[in-house]
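**Q** quick one, structure for this:
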Amino acid sequence: MSSPYDQQIEDLLEQYRRQRAEAVETRQRVNGTTSTATAPRQAVKITVGAQGEVTAIEFPTGAYRRMAPKELADVLLTTIRQARSEALEGVAAVLAEGLPPGVTVPDLLQGRVDPGAVLPEEPAMPDSVRDYVDHGFQGDPHE
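**A** Residues are numbered from 1 along each chain as shown. Modelled structure (predicted):
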């Protein structure tokens, strides 16, 4: 026996499926984020992934050969920091697309956002559907 709420429930389930698919796509986009930074004089080129892990180190020119070890170490660290910063900006841009208005990625990452503001305890649905979900079909709702 079908109820007058079946279509609304199906719509809610479809909305959930879409949101889940979007979350999977967002995760894939975040995981695919990379950034490459090049030091001055092209002494070193560093590529990092979304979590800031170094995935490639290249020496496009021979400039590194003329550097003292401390200078080369400093250039490597500075270039890694730059690549990580740019990767984080890329991840933040991907995540920001799905956040509610007024919620920023830095606030979310630093714990300054109330989770209830982002994900309410109960999903949004009309009161009539909520009553049906909680209590089952009780006859014609228009009586």
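**Q** only C-alpha atoms for contact and neighbour calcs from this point on.
**A** Fine.
**Q** low pLDDT regions in this protein?
**A** The chain contains residues with pLDDT under 70 at 1-4, 117, 137-143.
**Q** where is the longest helix in it?
**A** Secondary structure of the chain read by DSSP state H shows that its longest helix is helix 69-96.
**Q** give me the next element, helix or strand, following it.
**A** For helix 69-96, the following helix or strand on the C-terminal side (DSSP states H and E) is helix 105-109.
**Q** name the helices or strands packed onto that next one?
**A** Contact analysis of helix 105-109 by 3 or more C-alpha pairs under 8 Å, 6 or more residues apart in numbering; DSSP states H and E lists helix 69-96 as its packing neighbours.
**Q** return the residues in contact with residue 120.
**A** Contact analysis of residue 120 by C-alpha atoms under 8 Å, 6 or more residues apart in numbering lists nothing.
**Q** let me know the secondary structure of it.
**A** coil (DSSP: H, G, I helix; E, B strand; the rest coil).
**Q** contacts only, for the residue positioned nearest the centre of the chain.
**A** The chain has residue 95 as the residue nearest its centroid, 3.4 Å off, counting by C-alpha atoms, centre = their mean. Applying C-alpha under 8 Å, 6+ apart, we find residue 95 in contact with 26, 30, 105.
**Q** would you mind measuring from the first one to residue 105?
**A** Read that as residue 26. 14 Å (C-alpha to C-alpha, to the nearest Å).
**Q** from residue 87, how far off is residue 41?
**A** 22 Å.
**Q** list the contacts for residue 39?
**A** With contact set as C-alpha under 8 Å, 6+ apart, residue 39 has these partners: 45, 75, 76, 79.
**Q** now render those residues as CSV, adding distance to residue 59.
**A** As requested, the contacts of residue 39 are exported to CSV (distance: C-alpha to C-alpha, whole Å):
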residue, distance to residue 59
45, 6
75, 12
76, 11
79, 12
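**Q** and for residue 12, the neighbour number?
**A** Residue 12 is flanked by 16 other residues according to other C-alpha atoms under 10 Å.
**Q** kindly report the same for residue 81.
**A** Counted with other C-alpha under 10 Å, residues neighbouring residue 81 total 16.
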